[in-house]
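Undergrad: Turn this into a model:
(chains A, B and C)
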Amino acid sequence: MKITLKISPEEYKGPFNLINTIRSGQTSQPAWFYKDDYFRELINVAGKPCLVKISQRSCKKDSTMDIVVECPENLEEDVIKARIMEIFGLNDDLNDLYEYLRSDPMLEPTIKFCNGLRLFKAHDVFECLISSISSANCSIIRWNKAIKDIKMKWGDEYKFPSGTFYTFPKPEILANVPEHDLEEMQRCEDNLPEDFKFTNNLKSCGVGYRAKYIIKAAEMVQTEIELDKLGNMSYENAFNTLLKIPGVGPKVADCILCYGYGYGYGKAFPVDVWIGRIVSELYFNGEEIKPQKVRQFGMEKFGEHAGYVQLYLFHYARKSGLLDSLKK
DNA sequence: TTACAGGAGCGAC
DNA sequence: GTCGCTCCTGTA
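TA: Residues are numbered from 1 along each chain as shown, chains lettered A, B, ... in the order given. All right, here's what the predicted structure looks like:
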């Protein structure tokens, strides 16, 4: 059945820009599929797979969101709305954030370049974990494609009037997929034609050497790591727990806490080379600083706003040309 | 064509 | 604990 609803600017604090939020490359999930003015994704709402389509009328910032939900049975509007509010960071108070950003001359310019940009939270923390592992040492385009490939190959397929969508596979599925084409070949008992292309393995999705990390991560979340409990731990505890997973270092762990769990972990400050260069340029006269120091600096200086500050600094640098100037 | 960019793992110190 | 090499793929 089909449910339509709206979320108006009066329902959240500060501006919201849907396109920028979805396309900002946050590792909670790949960008949603875009067609005919609507961004689309299959979301689990109250245990039901629903196709959620969202459009923000015209390009005007702060404009109302039009939402169409296709789901197998009737769902409370409030439940759907709460889920969407959570995913798009609409419970975060951006007026409060902007007041904070304006108090620092280095951060103040980020506001006009990132207006309405919000944390894009995971709708599936396991997907966020694997997305974040895949993003390491990799471009946004590449890891987005990899995750979409994984969903198509091993996710559950759901057909809706407006198209076919896939869930992110459960850990027990992903833990058992072949790592590379040799392993896939060994598992085939049939007589295959000589020129058969092996494409049902993780490496064929473009994750490269991270394939073995992904499989191991999928195993670990079924045994020693309980993703559901991470959200209730102290930040340090959750961070150290995530570091046990292969392929998860400090940057990836912070991304998972920031985008996967949001709320309590506003102080996570994911540091990649770009954030390192930006922080160095803005606060240390371009002097080279080690990532660990940048992380410590970010967490101490920006406190509970650290996650948003890193998001805003990166996009400000991208759009203002600062990033290009740092490449030289 | 080859060189390099991008985080994390790993072995050497 | 820190250094430097390696992993894979896309891009220049």
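Undergrad: For the residue nearest to A:Glu219 when sequence neighbours are not counted, report the pLDDT, please.
TA: Using CB to CB, 6 or more residues apart in numbering and skipping residues adjacent in sequence, the residue nearest A:Glu219 is A:Ala175, 4.6 Å away. All C-beta spots, glycine's among them, are computed from the backbone N, C-alpha and C. Listed pLDDT for A:Ala175 reads 96.
Undergrad: Dihedrals phi and psi, A:Ala175?
TA: The phi and psi torsions at A:Ala175 (degrees, to the nearest 10) take the values phi -70, psi -20.
Undergrad: what about it, neighbour count?
TA: Number of residues near A:Ala175 (other CB atoms under 10 Å) recorded here: 18.
Undergrad: so who does it touch?
TA: Counting by CB atoms under 8 Å, 6 or more residues apart in numbering, A:Ala175 touches A:215, A:218-219, A:222.
Undergrad: So which residues of the stretch 1-150 of chain A form strands?
TA: A:2-7, A:33-35, A:38-45, A:48-56, A:65-70 (DSSP state E, counting those that start in this stretch).
Undergrad: Going by neighbour count, which of the contacts of A:Ala175 comes out on top?
TA: Most neighbours among the contacts of A:Ala175, by other CB under 10 Å: A:Ala218, with 23 neighbours.
Undergrad: for that residue, what are its contacts?
TA: So A:Ala218 contacts A:126, A:130, A:171-175 (CB under 8 Å, 6+ apart).
Undergrad: And it, how far from DNA strand C?
TA: As judged by CB to the nearest atom of the strand, to the nearest Å, A:Ala218 and DNA strand C stand 18 Å apart.
Undergrad: do the same with A:Phe239
TA: With CB to the nearest atom of the strand as the criterion, A:Phe239 and DNA strand C are 16 Å apart.
Undergrad: Not counting its neighbours along the chain, what's nearest that residue?
TA: Going by CB to CB, 6+ apart, A:Phe239 has A:Ala253 as its nearest residue, at 5.2 Å.
Undergrad: So which bits of the stretch 151-300 of chain A are right by DNA strand B?
TA: A:208-209, A:213, A:243, A:245-253, A:272-274 (CB under 7 Å from any atom of the strand).
Undergrad: Among those residues, name the buried ones.
TA: A:213, A:245, A:247-248, A:250-253, A:272, A:274 (16 or more other CB atoms under 10 Å).
Undergrad: Report the two of those residues separated the most.
TA: A:Ile245 and A:Trp274 (23.5 Å; CB to CB).
Undergrad: mind listing what the residue nearest to A:Phe239 touches?
TA: With CB under 8 Å, 6+ apart, A:Ala253 has these contacts: A:239, A:242-243.
Undergrad: From the contacts of A:Ala175, pick the one nearest A:Leu257.
TA: A:Ala218 (19.2 Å).
Undergrad: what about the residue nearest to A:Ile245 when sequence neighbours are not counted, which helix or strand?
TA: Leaving aside its chain neighbours, A:Ile245 sits nearest to A:Ala217 (4.9 Å; criterion: CB to CB, 6+ apart). Assigned by DSSP states H and E, A:Ala217 belongs to helix A:211-220.
Undergrad: per-residue confidence averaged over that helix?
TA: Looking at helix A:211-220 alone, the average pLDDT works out to 96.
Undergrad: Enumerate the positions of the next helix-or-strand element following that helix that are buried.
TA: Next along the chain after helix A:211-220, taking DSSP H and E as the criterion, comes helix A:227-230. For helix A:227-230, the neighbour count (16+ other CB under 10 Å) marks A:227, A:230 as buried.
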